[in-house]
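Participant: the following comprises the amino acid sequence and a computationally predicted model.
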Amino acid sequence: MNLAPRIRWFVAACLLLASMPAAGARAQTPALIAARMGVAAPAAEPRRPEPVPPPRVMGPPADPQPANWGDYIQPPAPPIGPLVLEYSLAAPATGIIQQNVPDQYRAPVADSESVWTRDATFLQAIDLWRPDGLAPVGVEQDATLRGGQFLFSYRFNYQAFEDNLVGTHRVSDASVAASFPFVPNQMNTGRHLLIVQYGVTDDFTIFGQLPFQHSSLDYLRTAGGTFGTGFTNPGDITLSAMYVLWRRPGQQLHLNLGLNFPVGFLDSQSDIPSPVVPNLPYVIRTGSGTYDLLPGLTYRGQNPLWSWGVQSIGTVRLGINRLDYKLGDRADLTAWIARRWGERLSTSFRIDNQWWGNVRGADPRLNTALAPTNDPQLQGGNRVDLLFGVNLFLPNTILPGQRFSIEGGAPVYQSLNGPQLGTSWLLNAGWNLVY
C-alpha cells in the first residue's frame, strides 16, 4: 500500500489547523481543506435514516363498570343526618322594665333539644348552664338571670362552736368561771333557707329568702352540772335586687341592694329570758328585730375551664328594736375560684372574711352577770374561713338545670370580743334549679 499521499494530506491538515482564523471567521470544512491541499477529500459516510415508529393502532374503549343498583325490591335506606332548622327566639329586654317589643335573633340549630340551652345562655356574660355556673353554695345573690328566668333553691347551713376565745387566744373554762357562774361550752346552729330569684330583665333580678333556724347552746355551771337552752323559729325575710353595672364576654359586675324585714322571733312562746339562768341570749335568736339594709357588689368571671368571683355584702342595722337594742353591723368579703371537670362536675375553693360588731343597747331582761352570752359588749369579732366545695350539675333530667352542691371548711383565723365561743367547723349544702 502506498502511504505517501495520506501522510502528505495529514501534515497539510495539521498546518492548516494551526493557522485557523479567529472566532467569527469562515469555518474550514474537510472539502475546503482538501481543495487547498490539492488532494481528494475523503468520502463521507452515508447518513443512516432515523427509524419511523409504527403507526398506533387505537382499540375500542373499555366497557364501563356496571351500576350497583342494589336490591331494587328492598333498597337500603339512605343515611339521615340531623335536620338543621333556624329558630326565631326573642331576646329579653335590658334595663329595669321590660320593653313591649323584645329584640329578635335567629340561630341555626341542628339539635332541637339544644334550643333550651341556647335560650338559657343567650347574651349572658356568665354561663349558668354548667356545673360552676353558680358560685359555691355558701354564697348568695351571686348570679343574675335572663329576663323571665327563675331560680329555686333550698340550702342548709350548719356551724359548730366550741372553746372560748378572748381575742385570738383560747381561754380555759376555769378562767371564764372566775367571772361568770355559767360558762358557754358548745353551740350548734342550723339554718334552712328557701330562696327564689326572678329575672325581670337581663340586667335586673329580684331575690327573696325565707330562713328557718334552730340553735342550741350548752353551759357548764360553776356550782356543778350543765344547763342548755335552744330556739327554733323562722328568721327575718330578705328581699333584694341585683342590677348589672358592667358586662363583658366572660365577666360581669352587678350591684346588690336588699332589705331585711323583722319578722323573725326575738322571744319564744313558752320561754322568756330569766334573771337566774341565761336562756335565749342574743346569739341564738332568729331575728334582729330591726330593718336591715344590705348593700353590696359582686364581680364574676368565667372562661372555658375556670370561674371566679369576689363579693362584698354589708348589713347596716336601721333603728332600735322593741327590746331596746340592735345587733352590731356586719360585713362579709368573700372570694372564690372553681374548676369544671366536664359537663357535670366542678370543684371550688373559697376564702370568707367576716366582721361583726357588738350589740348596741341591751335587752333589759338579760342578766349580764350570769354569762358572757348575755353581755352586749362581748358579741363582736372577726373570722376568716377556708372552704372547699363540690358541685354536681344535671342538665338532662326531668327538671333540667338541677345542681347539687356541698361545701365545708373551718376557720384559719378568729379574733373575738370574748370570752366568746369560737367556730370549730361549718358545712353548707344545697339544691338549685334554674328554670
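Facilitator: The structure has been received and is ready for your questions.

Participant: wait, residue 170 sits on residue 163?
Facilitator: Yes: between residue 170 and residue 163 there is a contact under C-beta atoms under 8 Å: 5.4 Å. Backbone N, C-alpha and C define where each C-beta goes, glycine included.

Participant: now the common contact residues for the two.
Facilitator: Between them, residue 170 and residue 163 share these contacting residues under C-beta atoms under 8 Å, 6 or more residues apart in numbering: residue 422.

Participant: more crowded one of these two?
Facilitator: Neighbour count, other C-beta atoms under 10 Å: between residue 170 and residue 163, residue 163 has more, with 17 against 14.

Participant: ok, the more buried one - contacts?
Facilitator: With the criterion set at C-beta under 8 Å, 6+ apart, residue 163 makes contact with 170, 421, 422, 424.

Participant: top strand in the protein by residue count?
Facilitator: Assignment by DSSP state E gives strand 402-434 as the longest strand of the chain.

Participant: residues of that strand that come out buried?
Facilitator: 402-403, 405-407, 409, 411, 414-423, 426-430, 432-434 (16 or more other C-beta atoms under 10 Å).

Participant: roughly how far is it from the heart of the chain?
Facilitator: Averaging C-alpha positions (C-alpha atoms, centre = their mean, to the nearest Å) puts strand 402-434 21 Å from its chain's average.

Participant: show me what the mean pLDDT comes to for it.
Facilitator: In this model, strand 402-434 carries a mean pLDDT of 96.

Participant: can you name every helix or strand that it contacts?
Facilitator: strand 150-167, strand 169-171, strand 182-199, strand 345-356, strand 381-394 (3 or more C-beta pairs under 8 Å, 6 or more residues apart in numbering; DSSP states H and E).

Participant: swap the cut-off to 6 Å and go again
Facilitator: With contacts defined as 3 or more C-beta pairs under 6 Å, 6 or more residues apart in numbering; DSSP states H and E, strand 402-434 has these neighbours: strand 150-167, strand 381-394.

Participant: convert the C-alpha atoms of stretch 361-373 to PDB, please.
Facilitator: C-alpha atoms of stretch 361-373 as PDB (Å, rounded to 0.1, in the frame of the first residue of the first chain):
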ATOM      1  CA  GLY A 361     -78.200  48.900 123.700                       C
ATOM      2  CA  ALA A 362     -79.300  45.900 125.800                       C
ATOM      3  CA  ASP A 363     -82.200  43.600 126.400                       C
ATOM      4  CA  PRO A 364     -83.200  44.600 130.000                       C
ATOM      5  CA  ARG A 365     -84.400  41.000 130.700                       C
ATOM      6  CA  LEU A 366     -80.900  39.500 130.300                       C
ATOM      7  CA  ASN A 367     -78.700  39.400 133.400                       C
ATOM      8  CA  THR A 368     -75.200  40.300 132.100                       C
ATOM      9  CA  ALA A 369     -73.600  38.900 135.300                       C
ATOM     10  CA  LEU A 370     -74.800  35.300 134.500                       C
ATOM     11  CA  ALA A 371     -72.800  34.500 131.300                       C
ATOM     12  CA  PRO A 372     -70.800  36.200 128.700                       C
ATOM     13  CA  THR A 373     -73.500  35.400 126.100                       C
END
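
Participant: mean confidence score for it?
Facilitator: 94.

Participant: can you list contacts of it?
Facilitator: 180, 182, 184, 273, 275, 278, 281, 283, 323-325, 374-376, 378, 419 (C-beta atoms under 6 Å, 6 or more residues apart in numbering).

Participant: need the helices for the stretch 51-200 of the chain, in chain order.
Facilitator: 115-121, 173-177 (DSSP state H, counting those that start in this stretch).

Participant: among the ones you listed, where is the model least confident on average?
Facilitator: helix 115-121 (a mean of 57).

Participant: contact partners for residue 313?
Facilitator: Contacts for residue 313 (C-beta under 6 Å, 6+ apart) come out as 296, 332.

Participant: outline the domain layout of the chain.
Facilitator: 82-123, 127-434 (automatic domain parsing).

Participant: make JSON lines out of those domains and add distance to residue 49.
Facilitator: Putting the domains of the chain into JSON lines (distance: least, C-beta to C-beta, whole Å) gives the following:
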{"stretch": "domain 82-123", "distance to residue 49": "72"}
{"stretch": "domain 127-434", "distance to residue 49": "80"}
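
Participant: quickly compare those and say which is most buried.
Facilitator: Mean neighbours per residue, mean count of other C-beta atoms under 10 Å, is largest over the domains of the chain for domain 127-434, with a mean of 18.

Participant: the residue nearest the centre of the chain sits in which helix or strand?
Facilitator: The chain has residue 307 as the residue nearest its centroid, 3.1 Å off, counting by C-alpha atoms, centre = their mean. Per DSSP states H and E, residue 307 falls inside strand 306-318.
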